[in-house]
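[1] fold the stuff below for me.
(one chain, ligands or ions: 2)
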Amino acid sequence: SLKKENAETKKNLPTIIWSPSNSASISTAPWISRPMFLSNTVKKSQEVGDSSSLEYDFYRESCPDAEKIIRSRVRRLYNVRSNIAPALLRLLFHDCFIEGCDASVLLDAIDGIDSEKEAPPNETLKGFDLIDIIKSDLEEACPGIVSCADVLVLAARESVALAGGPFYPLQTGRRDSTLSFGETAAFELPSPQDDLPKTIASFGSRGFDERETVSLLGAHSIGTINCKFILSRLYNFDGTDKPDPTLDTEFLNLLRSRCNNNHTSPSLSPSSADGSPPPSSVEDSLPSSSIQEPKVEMDYKGRGSGGFGMLYYRRLLQAKGILYVDQQLTAGEETETWVRAYASDVSLFRRDFALAMMKLSNLGVLTAPTGQVRITCSKVA
Ligand code: HEM
Ligand SMILES: [Ca+2]
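    Numbers count the residues shown, from 1 in each chain. Ligands and ions are numbered 1, 2, ... in the order given. Got it, this is the predicted structure:
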């Protein structure tokens, strides 16, 4: 079905890919209480973004191959290192959540002004090098045309599809910020220790309801988590010197075996010391992450049964959420209803996730005449 979805992209159809039979059953589901259209309303008052001036295939004349170039580069990178997909998806979230999808997260610090990159919640962000690689392909084809903000949303979309998630249509025409918002990022990016009311408030202030919030967190079905984000849950929850009592015992032991308390034995990835040939392409020269911090795989059971999404929600129902913030989704009546719904109906999840990603990708965008198109994504043009 991935192939079919990609055929659809080429035509840039403004459609969501799900089967008619599914959407029929969705619209009669008892928990649907509002029309299923995408709202572009951003409630946050300081966001001036106006996604209504985005267009499908914005670059159709100025850089007709832009989306194709991005797709092909992301695919080639993914074939070498599949962990680029979670990296790019998380990068998009961290950009869009802070002052909208304006590539502000990509800027380097200048003149001693902290950039978002330096904000503590962004310390483990990856994928900046990947954006640079994609952007230089575009600069070669059509210099100065495609914004870094569009590169980010389009690269994240390819990543989701490659990781087994749904494909969704995106409009383009975003422009890049001239500012980085380090302090805002430090205060406003959600923390893995947040409880449910905090998470709901944080997503709510950006226009996401509980259902959309639960579906977006399904992104945590791919990638890895540094042990440091869960150590307190495993060994000293809330200063009790004991693990989080809500965590399944067997799963606790599994996590403890991956993440020990003294931080001295990082589990090296088996592929880190290979005798690979000298780099002959951009993909080959990707830095191999040889100094590894101990990590837990979010999709340690593989991409098989259930694929992108379903396993994540099933594990939440079994008290096997890795982050506290994830497990909290089962602590509220409405959020738990959605966790259950997604755990049993993968097409419902895929559809909701696609819609929520479209909404995320349109948050607080800058369009002409505001903003600019950066040449190098880490620097103001
Ligand atoms: C309450 C909201 C959220 C919190 C507190 C949160 C927190 C985290 C943390 C602590 C990690 C581990 C990072 C690391 O070890 O380097 C992580 C990973 C990740 N997050 Fe989230 N996250 C949230 C929501 C989201 C959303 C909405 C998305 C995307 C739509 C997302 C996508 C990802 C991905 C893909 C990874 C794996 C990154 C990788 O392996 O490179 N997260 N998140
Ligand atoms: Ca931003």
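[2] now the element after the worst-scoring helix or strand of the chain on mean pLDDT, going C-ward?
    For the chain, counting by mean pLDDT, DSSP states H and E, helix 20-27 ranks last in confidence among helices and strands (a mean of 34). Counting by DSSP states H and E, the next helix or strand C-terminal to helix 20-27 is helix 66-80.
[3] may I see the buried residues of that following helix?
    By neighbour count on 16 or more other Cβ atoms under 10 Å, the buried set for helix 66-80 is 66-67, 69-71, 73-74, 77-78. Bear in mind the C-beta positions are built from the backbone N, C-alpha and C, glycine included.
[4] and what of stretch 322-342?
    Those would be 322-330, 332, 335-336, 338-342, for stretch 322-342 by 16+ other Cβ under 10 Å.
[5] how far away from the center of its chain is it?
    18 Å (Cα atoms, centre = their mean, to the nearest Å).
[6] over it, what's the mean pLDDT, rounded is fine.
    Mean per-residue pLDDT for stretch 322-342: 98.
[7] other residues contacting it?
    29, 31, 190-196, 199-200, 210-211, 213-215, 217-218, 220, 225, 229-230, 233, 244, 246-247, 255, 296, 298, 309-310, 312-313, 316-317, 319, 321, 348-349, 352 (Cβ atoms under 8 Å, 6 or more residues apart in numbering).
[8] among those residues, name the buried ones.
    Buried, going by 16+ other Cβ under 10 Å: 190, 192, 194, 196, 199-200, 210-211, 213-215, 217-218, 220, 225, 229-230, 233, 244, 247, 255, 296, 298, 309-310, 312-313, 316-317, 319, 321, 348-349, 352, out of the contacts of stretch 322-342.
[9] how about the closest residue to ligand 2 within the stretch 251-381 of the chain, phi and psi?
    Proximity of the stretch 251-381 of the chain to ligand 2 (Cβ to the ion) peaks at residue 364, 7.3 Å away. Torsion angles at residue 364 (phi, psi; degrees, to the nearest 10) stand at phi 50, psi 40.
[10] also residue 251?
    phi -70, psi -40.
[11] what's the closest non-adjacent residue to it?
    residue 320 (4.4 Å; Cβ to Cβ, 6 or more residues apart in numbering).
[12] residues contacting the one you found?
    247-248, 251.
[13] same thing with residue 165?
    So residue 165 contacts 308-309, 350, 353 (Cβ under 8 Å, 6+ apart).
[14] ok so, going back, closest one of the buried residues of helix 66-80 to ligand 2?
    residue 70 (18.8 Å).
[15] of the contacts of residue 165, which belong to helices?
    Among the contacts of residue 165, the members found in helices (DSSP state H) are 308-309, 350, 353.
[16] next SSE downstream of the helix or strand harbouring residue 327?
    Using DSSP H and E, residue 327 sits in helix 324-327. Note on helix 324-327: by DSSP H and E, the next helix or strand toward the C-terminus is helix 333-344.
[17] ok, that next one near ligand 1 or not?
    No - for helix 333-344, no contact with ligand 1 is found by Cβ under 6 Å from any ligand atom; the gap never falls below 11.6 Å.
[18] about what we covered before: check the buried residues of helix 66-80 and tell me the two furthest apart.
    66 and 78 (18.6 Å; Cβ to Cβ).
[19] write out the residues of the stretch 151-300 of the chain neighbouring ligand 1.
    190-192, 194, 199, 216-217, 219-220, 222-226, 229.
[20] restricted to strands, list those.
    224-226 (DSSP state E).
[21] the residue of the stretch 201-350 of the chain found nearest ligand 1: neighbour count?
    The stretch 201-350 of the chain approaches ligand 1 most closely through residue 223 (2.5 Å), counting by Cβ to the nearest ligand atom. Residue neighbour count, defined by other Cβ atoms under 10 Å, stands at 19 for residue 223.
[22] same check on the one 3 residues further on?
    Neighbour count for residue 226, taken as other Cβ under 10 Å: 16.
[23] so what does residue 57 look like in phi/psi?
    phi 50, psi 50.
[24] what separates it from residue 310, distance-wise?
    Remark: distance between residue 57 and residue 310 (Cβ to Cβ, to the nearest Å) = 32 Å.
[25] in the stretch 151-300 of the chain, where is pLDDT below threshold?
    Within the stretch 151-300 of the chain, the stretches with pLDDT under 70 are 263-280, 286-292, 299-300.
[26] hmm, I typed the wrong one, I wanted the stretch 1-150 of the chain.
    If you take pLDDT under 70 as the line, the stretch 1-150 of the chain has these spans: 1-49.
[27] so which residue of the stretch 1-150 of the chain comes closest to ligand 2?
    For the stretch 1-150 of the chain, Cβ to the ion, closest residue to ligand 2: residue 104, 3.6 Å.
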